[in-house]
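*Asks:* Here's a sequence, model it:
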Amino acid sequence: MAQTRRPLMTVDELTRFLDTDFAQIHTGGRTFHVEAVGPLTAHLRMAYHERHLRPGGTIAGPSMFALADLALYVAILAQIGPVALAVTINLNINFLRKPEPRDMIAECRLIKLGRRLAVGEVSMFSEGSDEIVAHATGTYSIPPASGDAG
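*Replies:* As a prediction, this is how the structure comes out:
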């Protein structure tokens, strides 16, 4: 049963992987943090920083988009291992309400995890609130495993 599937990578292993293979996400200082992974899930935090603000003092859409994309990537890698070349092929986001100028929390759930494609959803919240401020759905392409015949 898919819900009992245990992650192959821990939070520490994912953090080390991102630090070495995707270090550019920390340009200007670390703001993205993997807080938890579970069966087909990931929980991330984007620390509040003024570089994530847009005019009007709210969290900018591109920052929330990056958080959603990273949450999907982390949830997938937690399940399949350190496959650096898994790539986004589609990401849609709905901005539902104005986020507060504080940390953003992303809760990701994979809906489908196949050999070549993964589909998931991400709900984002302002820290301390239960109201969803943005909801994203995305699809990732997973490269064939070594020795996989096309």
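*Asks:* Okay, buried residues for stretch 55-66 please.
*Replies:* 58-59, 63-66 (16 or more other Cβ atoms under 10 Å). Every residue, glycine included, has its C-beta placed from N, CA and C.
*Asks:* Where strands are concerned, which of the residues you listed count?
*Replies:* Assignment to strands by DSSP state E places the following of the buried residues of stretch 55-66 there: 58-59.
*Asks:* Mind picking the lowest-pLDDT entry from the buried residues of stretch 55-66?
*Replies:* Among the buried residues of stretch 55-66, Thr58 carries the weakest pLDDT, at 85.
*Asks:* list the contacts for that residue?
*Replies:* 98-101 (Cβ atoms under 8 Å, 6 or more residues apart in numbering).
*Asks:* measure it to Glu107 for me?
*Replies:* Distance of Thr58 to Glu107, given as Cβ to Cβ, to the nearest Å: 20 Å.
*Asks:* cool, Asp69 as well?
*Replies:* From Asp69 to Glu107 the distance is 14 Å (Cβ to Cβ).
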